[in-house]
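K.L.:
next comes the sequence, and after it the predicted model I'd like to discuss.
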Amino acid sequence: MPDHSPLIQSLRTAVAGAPDDVPLRLHLAELLVAGGHHDEAVAEVAVALQHAPGDAQARELMTRAMGAPPQAPEAPAQTPQAPSSPPTGFNWQAAEDQVGDVVPPRFVEPPQTADGSGDPGDAAAWEVEAPDGVRLADVGGMQDVKDRLEAAFLAPLRNPELRKLYGKSLRGGLLLYGPPGCGKTFIARAVAGELGANFLSISINDVLDMWMGNSERNMHEVFETARRQAPCVLFLDELDALGAKRSRTAHSGMRNTVNQLLTELDGIDAGANEGVFVLAATNVPWDVDNALRRPGRLDRTLLVLPPDAPAREAILRYHLRDRPVAGVDLRKLAKATDGLSGADLAHLCEAGAERALLDSARTGTVRMIGMKDLLDAAATISPSSDPWFASARNVAMFANEGGMYDDLVTYLKKKRKL
């Protein structure tokens, strides 16, 4: 940095203490121009113009700092004059481009109004994924789940002639429930692939807003986007948060959001949701508002359980495919991991790889991941679904109105947990 006079140094200190003081900053810039420090003067005037875009003195000073001929002085006036227009012949756009690196934009996005309405519900805000080729065949094992999906959801939608004959609407609502980490989201993507439909995944973070009325508007925009992109699978993740029981919701804003969701599921008019297939997932279906599960809405349910042996083998193969393994018996490993969820199995592969890595670092000899590494890791992992089944057991025993959780009861009895 060039040497400056003590006065300029003092003014710099004063400007740092009062960055919004435009006259003080312009006085500093004036001295910098007089001293031949034009680049530094440009930076100071640019900041001043951010605070006072129409300041005539700042514009005139910028002209001199940029090296353009100064504007001819005006005759003195007894009354205040309106700010003069920019000097003729000076390219302000070029000046703005030149100082753009010196003074970054003050705002990345346009400011919102006081009620938040400056953030419009733009359809572009919702990311719709085109069909990516994932099919049910890519879901390892879980044949019971696939069969039920085919019978209750996919078969009627794949046969337009039969659907027309029997007056079946091209609408669908299916609720996937079960312990966490068992692949509900992946199954929803596979359903979209089976239908050749677009996929739009929404969670509470995409809908909930701090401003009154914006959450309902966001919910409407989500459905409008799905309707425009039909055929489209709209996946509502964490439905217990988006559609919690209104009787237990103290805040009126959340109750209104649930009401809006019900309205959108019904469609604004006849056929509005044609081609929109609504899938939802939750770990706690007993916390979902009962109105969401009435006929015509999410009226079909499917229990997604921890993966069976073929599914566990497929998941283990997937997570070990790019790792250096040797002598791993996937069938034996799948048998030893009964009850683990898909997320648990991914963690098991990470833990087994970590054991081999640490041993290689300790001995100085790189070795492969072996069966013992994975079995030892499996012995330290408890099924993450156990707490869920502990809660679900009480629901299955005392709150199975209308046979809503018959599948869960059957599974618990099979596993002797009921």
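P.N.:
Right, received. Where do you want to start?

K.L.:
chain center to the helix or strand harbouring D147: distance?
P.N.:
D147 is located in helix 143-149, with elements delineated by DSSP states H and E. From the chain centre to the centre of helix 143-149 is a distance of 29 Å (Cα atoms, centre = their mean, to the nearest Å).

K.L.:
over to stretch 283-300?
P.N.:
The answer for stretch 283-300 is 24 Å, by Cα atoms, centre = their mean.

K.L.:
what's the end-to-end length of it?
P.N.:
By Cα to Cα, to the nearest Å, the extent of stretch 283-300 from end to end equals 16 Å.

K.L.:
what does stretch 276-291 give?
P.N.:
With Cα to Cα, one end of stretch 276-291 sits 19 Å from the other.

K.L.:
which parts of it are buried?
P.N.:
Going by neighbour count (16 or more other Cβ atoms under 10 Å), the buried part of stretch 276-291 is 276-286, 288-289, 291. Using the backbone N, CA and C atoms, a C-beta is placed for each residue, glycine as well.

K.L.:
tell me which of these is nearest to P179?
P.N.:
Distances from P179 to these, taken as Cβ to Cβ, are shortest for N283 (6.6 Å).

K.L.:
close enough to count as contact, the closest one and Y177?
P.N.:
Yes. Here N283 reaches Y177: they are 7.1 Å apart, a contact under Cβ atoms under 8 Å.

K.L.:
among the buried residues of stretch 276-291, which are located in strands?
P.N.:
Of the buried residues of stretch 276-291, the ones assigned to strands by DSSP state E are V276, F277, V278, L279, A280, A281, T282.

K.L.:
ok, what's across the strand from the first one?
P.N.:
Pointing back at V276 there. C232 (DSSP bridges).

K.L.:
gap between it and D386?
P.N.:
37 Å (Cβ to Cβ, to the nearest Å).

K.L.:
same check on the third one?
P.N.:
As defined by Cβ to Cβ, V278 lies at a distance of 31 Å from D386.

K.L.:
surely V258 is in contact with D240?
P.N.:
No. Applying Cβ under 8 Å as the test, V258 and D240 come out as separate, 11.1 Å apart.

K.L.:
comparing these two, which shows the higher neighbour count?
P.N.:
V258 (22 against 19; other Cβ atoms under 10 Å).

K.L.:
let's verify the more buried one: helix, strand, or coil?
P.N.:
Classification of V258 by DSSP: H, G, I helix; E, B strand; the rest coil places it in helix.

K.L.:
tell me the confidence at it?
P.N.:
pLDDT for V258: 91.

K.L.:
so who does it touch?
P.N.:
Applying Cβ atoms under 8 Å, 6 or more residues apart in numbering to V258 gives the contacts L242, G243, A244, R246, T249, D289, A291, L292.

K.L.:
just the buried members of the residues you listed?
P.N.:
Counted by 16+ other Cβ under 10 Å, those give L242, G243, A244, R246, D289, A291, L292 as buried.

K.L.:
nearest to E150 among those?
P.N.:
For the buried ones among the contacts of V258, the nearest to E150 is L292 (23.9 Å; Cβ to Cβ).

K.L.:
that closest one and P324, how far apart?
P.N.:
Note on L292: its distance to P324, by Cβ to Cβ, is 48 Å.
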